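**Student:** quick one, fold the following:
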Amino acid sequence: MGEEEEQQKHEVNFGAPRKFAKSFKSDLKETFLPDDPFRSYKNESKIVQAKKTVQYFFPIFEWLPRYNLKLFWADLLAGITIASLAIPQGISYAKLAQIPPIIGLYSSFVPPLIYAVFGSSKDLAIGTVASCSLLFPAIIGRVVPPTNDPSLYLHLVYTATFFAGVLQAGLGIFRLGFLVDFLSHSTILGFMTGTAIIIALQQFKAMFGLTKFTTHTDVVSVLHAIFAQFHQWQWRPAVMGFVFLAFLIFTRHLKKKNPKLFWVPAISPMVVVVVGALFVYFTKANFQTVGDLKKGLNPISIHYLNFNSKYLSSTVQAGVITGILSLAEGIAIGRSFATMRNYQTDGNKEMTAIGLMNIVGSFTSCYLATGPFSKTAVNNSAGCKTAMSNVVMALCMMLTLLFIAPLFSYTPLVALSALIISAMLGLIAHEEIYHLLQVDKFDFIIAVSAVLGITFVSMDVGLGISVGLSILRALLYVARPSICKLGNIPNTKFYRDMHQYPCATRVKDVLILQLGSPLYFSNSSYIRERIFRWIEEEQGNQHEVHYLVLDMGGSTNIDTSGIEMFTELKKMVEKRGVKIMLANPRLEVTEKLILSGFIDDIGKKSVFLSIDDAVAASKFKLIEDFNSKHYSERVVSNAADKDLSDAQVVNMEEGNGSSENKKGGDSQ
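**Tutor:** Residues are numbered from 1 along each chain as shown. Next up is the predicted model:
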């Protein structure tokens with residue numbers, strides 16, 4: 001009885017398949033709520049559940065009740081520090097987007113306040129980013145050039161920001177964050193590097209004091225525009241620009257040598273802006289400057305949103321591309337710093353927070369904002385403790401807008417160009433791309449395609465090529481999944497890939513294959529042909545194959561095409577004298593195989609909990625078949641020798657069969 005009980009404990013569970021509603025609900029929950037955010041307090045009282053739910057959707061109510069003066073002093077220092085960086089960055093990135101500089105300052109006032117309420121990251125510092133700033137003129141500028149109709153162009157930028165916010169918030173609310181994962185790390189690296197190169201080159205217009213420049217973004221057009229106007233280069237802005245650039249690079253190098261001096265590169269952009277403005281103000285030098293910056297807080301802009309069908313495709317395209325890019329950048333940066341400080345951020349809450357702040361921003365004269373790396377790194381280095389640092393930064397920006405904004409109108413454009421070039425040099429990820437070459441050649445190709453596409457054609461083309469290659473790679477993995485032949489590690493019950501483990505030995509008369517992917521319509525034909533080719537190769541190498549064991553542990557699901565593939569495979573291999581066995585099928589796969597009748601077709605005794613059980617059963621059956629065949633041959637031989645009648649032979653065989661059955665029952 002002991003052996004029988006042990007055997008029953010290790011049988012495959014063939015319970016009744018779940019009802020469709022239950023399995024569908026389980027799949028939906030795993031897709032959209034894999035983290036199950038409400039699991040920790042589902043057994044609490046209704047009041048506690050309501051309180052925790054409010055805290056989940058509004059994270060500020062989670063940390064604000066525990067807030068104290070010690071935390072505030074740390075956030076105050078961090079907020080003032082990032083505000084000193086936000087002012088020059090806001091002005092310079094607005095220049096990149098070819099919108100009024102004051103819009104850059106507005107964008108560092110309202111969005112950080114919204115994020116502080118809904119965001120889950122303690123480190124993310126909100127502001128505008130260079131890459132997305134350059135995308136607006138590249139996409140919207142094709143329909144409405146910024147120089148032709150600045151007012152309409154600005155309204156379309158607000159509209160694109162609104163669409164970006166709706167997309168971002170929608171992804172978060174409906175918990176569709178997994179869609180952002182299609183923007184691979186290699187794509188982001190290539191996009192950031194290519195964009196940084198183009199942005200840096202375009203700054204030489206201001207560095208050399210040029211008044212006319214190309215509207216194209218490719219490197220050939222930009223370099224031609226620079227050197228074709230060689231005779232118009234001005235040495236004064238060039239000297240100032242390169243001095244400022246050298247200063248900024250030096251301060252960054254200083255921080256690398258001594259991390260405690262993080263505040264030096266943090267305030268250096270403000271130093272450049274102030275020194276440049278003072279120089280122009282006192283010397284009255286004929287430099288191109290930022291221009292008029294009016295006092296006052298953000299005016300309402302909701303009535304400026306333009307949904308005219310003539311411009312709708314451009315604003316939607318700009319909103320989708322910049323929205324996804326800024327979302328990917330903000331979430332990735334937030335997660336990175338959260339990992340460093342040993343806490344977790346909620347990706348869906350982050351998407352919702354970033355989306356809501358951009359929707360509100362589009363209503364209050366702001367353009368696209370997210371969590372830029374440079375500002376977040378400074379925020380972290382300055383010792384921020386909570387999202388209150390964003391509130392402090394926003395209050396500093398409010399004071400700037402109310403009292404001192406006009407002072408920055410003397411800021412020379414060459415100072416902003418030096419700031420942008422310095423920031424872009426830090427975004428050129430040549431070391432990371434070289435690392436991709438060493439680790440994964442396909443990822444390297446994806447990153448390089450983005451760089452080349454952006455620098456030699458345009459940003460949307462480069463991004464499209466890179467994303468297309470990433471999706472193609474994913475489709476190849478789905479359509480051509482990994483199938484490997486397993487062998488037994490000597491003196492163990494482990495079965496591993498024979499290519500990875502040369503010491504693994506082939507199991508005599510048994511072919512063991514591991515299926516490492518779901519079985520869908522896209523790969524079922526390939527899997528069937530590949531399995532059949534394995535059998536042909538084994539038999540071609542003079543290896544007997546009587547049993548085909550398929551390890552199903554890596555197959556998470558199966559559709560009707562996959563089930564049909566199994567049915568066809570069974571017919572094909574049986575013609576070659578091979579029987580199919582399944583090992584470790586997952587719940588979803590087992591349910592569908594039961595409902596389709598395939599389990600009944602091969603028999604429940606051909607489905608096993610592990611590869612070792614399947615191999616043991618196949619050996620037992622081979623020995624049983626051999627003994628039965630050998631005994632039958634002896635009976636026929638004896639009958640021929642003794643001239644026994646056919647009826648006697650049949651009786652002897654039947655007697656042997658009953659004897660074998662009896663022995664089998666006794667052994668069990």
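**Student:** so who does residue 44 touch?
**Tutor:** Contact analysis of residue 44 by C-beta atoms under 8 Å, 6 or more residues apart in numbering lists residue 52. Backbone N, C-alpha and C define where each C-beta goes, glycine included.
**Student:** which stretches of the stretch 351-500 of the chain form helices?
**Tutor:** Chain-ordered helices for the stretch 351-500 of the chain, with DSSP state H, counting those that start in this stretch as the definition, fall at 373-381, 388-399, 413-425, 430-439, 441-456, 459-479.
**Student:** mind checking which of those is nearest residue 320?
**Tutor:** Residue 320 lies closest to helix 459-479 among those, at 10.6 Å (C-beta to C-beta).
**Student:** and the closest one, what's buried?
**Tutor:** 459-460, 462-467, 469-470, 473 (16 or more other C-beta atoms under 10 Å).
**Student:** again, but for stretch 548-564
**Tutor:** Using 16+ other C-beta under 10 Å as the burial criterion, the residues of stretch 548-564 that qualify are 548-552, 555, 558, 562-563.
**Student:** same check on stretch 200-215?
**Tutor:** Applying 16+ other C-beta under 10 Å to stretch 200-215 flags 200-210, 214 as buried.
**Student:** before we move on, back to that, let me know the closest of the buried residues of stretch 548-564 to residue 281.
**Tutor:** Using C-beta to C-beta as the measure, the one of the buried residues of stretch 548-564 that approaches residue 281 most closely is residue 555, at 71.3 Å.
**Student:** ok but the closest one is inside a helix, no?
**Tutor:** No: membership of residue 555 in a helix is not supported by DSSP: H, G, I helix; E, B strand; the rest coil, which gives coil.
**Student:** check what pLDDT it gets.
**Tutor:** Per-residue confidence for residue 555 comes out at a pLDDT of 89.
**Student:** I'd assumed residue 517 was in contact with it.
**Tutor:** Yes: the pair formed by residue 555 and residue 517 meets the contact definition of C-beta atoms under 8 Å, at 6.6 Å.
**Student:** can you give me the neighbour number for the residue lying closest to residue 528 once chain neighbours are set aside?
**Tutor:** Closest residue to residue 528 apart from its sequence neighbours, by C-beta to C-beta, 6 or more residues apart in numbering: residue 565 at 4.7 Å. When neighbours are counted by other C-beta atoms under 10 Å, residue 565 registers 23.
**Student:** where in this protein is pLDDT low?
**Tutor:** By pLDDT under 70, the low-scoring segments of the chain are 1-10, 15, 20, 22-42, 177-182, 215, 624-668.
**Student:** elements contacting the strand or helix carrying residue 196?
**Tutor:** Counting by DSSP states H and E, the element that carries residue 196 is helix 185-202. For helix 185-202, the elements it packs on are helix 130-139, helix 219-228, helix 309-340, helix 413-425, helix 430-439, helix 441-456, helix 459-479, judged by 3 or more C-beta pairs under 8 Å, 6 or more residues apart in numbering; DSSP states H and E.
**Student:** buried ones in the third one, by neighbour count?
**Tutor:** In this case it means helix 309-340. Of all the residues in helix 309-340, those buried under the rule 16+ other C-beta under 10 Å are 311, 314-319, 321-335, 337-338.
**Student:** do the fifth one as well
**Tutor:** By 16+ other C-beta under 10 Å, the buried positions in helix 430-439 come out as 433, 436.
**Student:** got it, and the second one?
**Tutor:** Taking 16+ other C-beta under 10 Å as the basis for neighbour counts, the residues of helix 219-228 that come out buried are 219, 222, 225-226.
**Student:** residue contacts, residue 120?
**Tutor:** By C-beta under 8 Å, 6+ apart, the neighbours of residue 120 are 59, 334, 345-346, 349-350, 353.
**Student:** no, scratch that, I was asking about residue 251
**Tutor:** Taking C-beta under 8 Å, 6+ apart as the test, what residue 251 contacts is 264-265, 268.
**Student:** now name the helix or strand holding it.
**Tutor:** Assigned by DSSP H and E, residue 251 falls in helix 235-257.
**Student:** let me know the angle separating that helix from helix 413-425.
**Tutor:** Going by axes from the mean of the first three to the mean of the last three C-alpha atoms, to 10 degrees, helix 235-257 is angled at 40 degrees with respect to helix 413-425.
**Student:** buried ones in helix 235-257, by neighbour count?
**Tutor:** Result for helix 235-257 [16+ other C-beta under 10 Å]: buried residues 237-238, 240-241, 244-245, 247-249, 251-252, 255.
**Student:** how is this protein carved up into domains?
**Tutor:** Under the assignment automatic domain parsing, the domains of the chain span 68-430, 482-663.
**Student:** most tightly surrounded among the ones you listed?
**Tutor:** For the domains of the chain, the largest average neighbour count (mean count of other C-beta atoms under 10 Å) is found in domain 68-430, namely a mean of 20.
**Student:** what's the first-to-last distance across that one?
**Tutor:** Between the opening and closing residues of domain 68-430 lies a distance of 43 Å (C-alpha to C-alpha, to the nearest Å).
**Student:** what's the nearest residue to residue 320 if we skip its chain neighbours?
**Tutor:** Nearest one to residue 320, counting by C-beta to C-beta, 6+ apart, is residue 167 at 6.0 Å.
**Student:** tell me which element that neighbour is part of?
**Tutor:** helix 150-173.
**Student:** ok now that helix, how far from the chain's centre?
**Tutor:** Here helix 150-173 is found 22 Å from its chain centre; the criterion is C-alpha atoms, centre = their mean, to the nearest Å.
**Student:** and that helix, what does it pack against?
**Tutor:** Using 3+ C-beta pairs under 8 Å, 6+ apart as the contact test, the elements touching helix 150-173 are helix 130-139, helix 309-340, helix 347-363.
**Student:** need those in a markdown table (columns: distance to residue 91).
**Tutor:** What follows is those, written out as a markdown table (distance: least, C-beta to C-beta, whole Å):
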| stretch | distance to residue 91 |
| --- | --- |
| helix 130-139 | 11 |
| helix 309-340 | 19 |
| helix 347-363 | 17 |
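**Student:** what about the helices in the stretch 501-650 of the chain?
**Tutor:** So, for the stretch 501-650 of the chain - with DSSP H, counting those that start in this stretch - the helices run 524-540, 560-574, 587-596, 598-602, 611-642, 646-667.
**Student:** how about the buried residues of stretch 548-564, which pair is most distant?
**Tutor:** Looking at the buried residues of stretch 548-564 by C-beta to C-beta, the two members farthest from one another are 549 and 563, with 18.8 Å of separation.
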